[in-house]
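S.K.: Just to be clear, the model below is a prediction. Sequence and coordinates:
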Amino acid sequence: MAHAEQLEILKKGAEAWNQWREENAETIPDLSQADLRGAKLQQANLKNANLSQAKLQFVNFSKANLESANLSKAKLQEANLQGAQAKNVDLSGASLLEANLYDANLENANLQGAQFNEDVQFDRANLRGANLISATGLTSSQITQAFSNKDTRLPEYLEEEMDDDFLLQF
């Protein structure tokens, strides 16, 4: 359950939040199960924060620092993560329907069991080393718009589709 004082500071906006983070560098924020729908958190420092099971629909996380944050089972429908730094983020079981992941750094992210749809924007997203096993709603064209490598783990249905696309080139 979210820490009430931390939640109040975050609701004041990214500037107040980032100042609080600087003053409380040792504190790991607990914003789990928080209702932050529609919040404007551009450039917010949420590194290592616990946002598991939070309601984050329509939140603007553009250029936010979500590195190593826990967003497992969070609801991120139509959230804007454009340019977010989210290395090692845990988005397992999260709902990312219609999310904007353009230019997001999701290197080594845990996206296992995450829910996507065809409206999710993956252009220039860094999925190197990301775990997308059991993720639903992805298309091969979304993955080809992102950066991936041999360590990127895709759902079985997508691996087969990508292999078929590769073979069709010959």
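M.R.: Now that the structure is in, tell me what you want to look at. Numbering: from 1, shown residues only.

S.K.: Could you use CA atoms for every contact and neighbour count after this?
M.R.: Fine.

S.K.: List the residues that contact the residue nearest in space to the middle of the chain.
M.R.: Nearest to the geometric centre of the chain sits Leu91, at 5.8 Å (Cα atoms, centre = their mean). Counting by Cα atoms under 8 Å, 6 or more residues apart in numbering, Leu91 makes contact with Asn70, Leu71, Ser72, Lys73, Ala74, Ala109, Asn110, Leu111, Gln112, Ala114.

S.K.: Could you do Ile143 as well?
M.R.: Ile143 makes contacts with Phe122, as judged by Cα under 8 Å, 6+ apart.

S.K.: measure it to Gly137 for me?
M.R.: Distance, Ile143 to Gly137, using Cα to Cα, to the nearest Å: 12 Å.

S.K.: what do you get for Ala39?
M.R.: Taking Cα to Cα as the measure, Ala39 falls 26 Å from Gly137.

S.K.: any idea how far Ala54 lies from Glu23?
M.R.: 24 Å.

S.K.: Just want to know which of the two has more residues nearby.
M.R.: In terms of neighbours (other Cα atoms under 10 Å), Ala54 is the more surrounded of Ala54 and Glu23; the figures are 24 against 10.

S.K.: three-state assignment of the residue lying closest to that one once chain neighbours are set aside?
M.R.: Counting by Cα to Cα, 6 or more residues apart in numbering, Ala54 lies nearest to Gln33, which is 4.0 Å off, once chain neighbours are set aside. Under DSSP: H, G, I helix; E, B strand; the rest coil, the three-state class of Gln33 is coil.

S.K.: which residues does Gln33 contact?
M.R.: Applying Cα under 8 Å, 6+ apart, we find Gln33 in contact with Met1, Ala2, Leu51, Ser52, Gln53, Ala54, Lys55.

S.K.: now the residues you listed as TSV including distance to Ala86 and secondary structure?
M.R.: TSV is the format used below for these (distance: Cα to Cα, whole Å; DSSP: H, G, I helix; E, B strand; the rest coil):
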residue	distance to Ala86	secondary structure
Met1	22	coil
Ala2	21	coil
Leu51	13	coil
Ser52	15	coil
Gln53	17	coil
Ala54	17	coil
Lys55	18	strand
